[in-house]
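# Predicted model, plus sequence, below.
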Amino acid sequence: MSTIPPAPAFKPFNLALIQLGQIGADKAANLKHARDMIRRAAGGESLGVGGGAQGKPDLIVLPECFNSPYGHVHFPVYAENIGFNRGEKYDVEASESESVRMLSEAAKTEGVWLLGGSIPERNLPDGKLYNTSTVYSPRGELVATHRKVHLFDIDIPGKITFKESEALSAGSSINYFDTEFARVGLGICYDVRFPELAMILARKGCQVLIYPGAFNLTTGPLNWELLQRARAVDNQVYFSMCSPARDLTAGYHAWGHSMVVDPMGSKLVEAGDGEAIVHTRIDPKTFHDTRAGIPVTVQRRFDVYPDVSKGS
Ligand SMILES: NC(=O)CCC(=O)C(=O)O
């Protein structure tokens, strides 16, 4: 039996993605720059390719690993203790995490929902490290976290070898948060390659899925957009990923191209590869029209594939 409360009624809202640049070795500088970009996004400013200003955003998103260079050697150095336990009240001001304190202050001061990309997290009880997203309400409360479930371990000879598992442990829960305008499902980057996660989030009532991410120059060109449009269409949800800006002087070269895709698979907005703030309006009409016109959400044949979860 389901214990999940019904999703909030889906209402129109403004979404802004910050394709953050200048992510370097100096964590304090990374946090200061991110704070400044949140202020600019909250003021409705658009920057770089993509643009599309819609006025003040209701929800702002940062990229994966926004406070640290991306790489397994960096994670232990930049990791912070968050100590969030779902269901328990979290005292942000007493948080040991300087990133959490900054993000909470930013959400509260700017009066926006804030999906704070992800940061390396050190879980104190067992010392394990995770790649973790944190989410803040406009009152500055930390309302949700998501630990990357599928670690980015790939080896494409001559192109890219990356092993997050050399430093990180994988999360093992499915996470979303409720706002006054939508239920938003969470994933991080490589999680997008696993349709099961998006499918279950959608079946838990999420109308919008947002994954901070950082694809690379090998897989980005063919897979970044394709995967987002696939997850959007197969679940009939809005789908978005927010990347860091590309920096060819960094150890890891992010693909960029932060984007938002609607439930029919149309791209609403797309950044280039440089630093950018892009905005779009999320319209529930497209969501409802898509589900009414192509009613796959009520045509599933769980009698034929009973081993596939019904999610909620
Ligand atoms: N940060 C990541 O998880 C990268 C994932 C990626 O590039 C991919 O191709 O998948």
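Perfect, thanks for sending it.
# Which residues of this structure lie near the ligand?
If contact is defined as Cβ under 6 Å from any ligand atom, the residues of the chain in contact with the ligand are 64, 152, 189, 190, 193, 213, 214, 215, 216, 219, 223. For every residue, glycine as well, the C-beta is placed using N, CA and C.
# Please identify, among the residues you listed, the one with the most neighbours.
For those, the largest neighbour count, defined by other Cβ atoms under 10 Å, is 30 neighbours, found at residue 213.
# show me the contacts for it.
When contacts are counted by Cβ atoms under 8 Å, 6 or more residues apart in numbering, residue 213 is found next to 63, 64, 188, 189, 190, 192, 224, 241, 242, 243.
# Make CSV from the residues of the chain next to the ligand and add secondary structure to it.
Formatted as CSV, those follow (DSSP: H, G, I helix; E, B strand; the rest coil):
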residue, secondary structure
64, coil
152, coil
189, helix
190, helix
193, helix
213, coil
214, coil
215, coil
216, strand
219, coil
223, helix
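# re the thing from before, among the contacts of residue 213, which are located in strands?
Using DSSP state E, the members of the contacts of residue 213 that fall in strands are 241, 242.
# Which one of the contacts of residue 213 is nearest to residue 103?
residue 63 (13.1 Å; Cβ to Cβ).
# Using PDB, write down the CA coordinates of the helix or strand residue 278 falls within.
Using DSSP states H and E, the element containing residue 278 is strand 276-282. Once side chains and other backbone atoms are set aside, the C-alpha atoms of strand 276-282 remain, and they are given as PDB (Å, rounded to 0.1, in the frame of the first residue of the first chain):
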ATOM      1  CA  ALA A 276      25.300  30.900 -18.600                       C
ATOM      2  CA  ILE A 277      22.100  31.600 -16.800                       C
ATOM      3  CA  VAL A 278      19.100  30.300 -18.800                       C
ATOM      4  CA  HIS A 279      15.400  30.700 -17.900                       C
ATOM      5  CA  THR A 280      12.300  29.000 -19.000                       C
ATOM      6  CA  ARG A 281       8.600  28.800 -18.100                       C
ATOM      7  CA  ILE A 282       7.300  25.400 -17.100                       C
END
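# Would you mark the buried spots in the following helix or strand past it?
Scanning the chain past strand 276-282 towards its C-terminal end, the next helix or strand to appear is helix 284-293 (assignment: DSSP H and E). Counting neighbours by 16 or more other Cβ atoms under 10 Å, one finds that the buried residues in helix 284-293 are 284, 286, 287, 290, 291.
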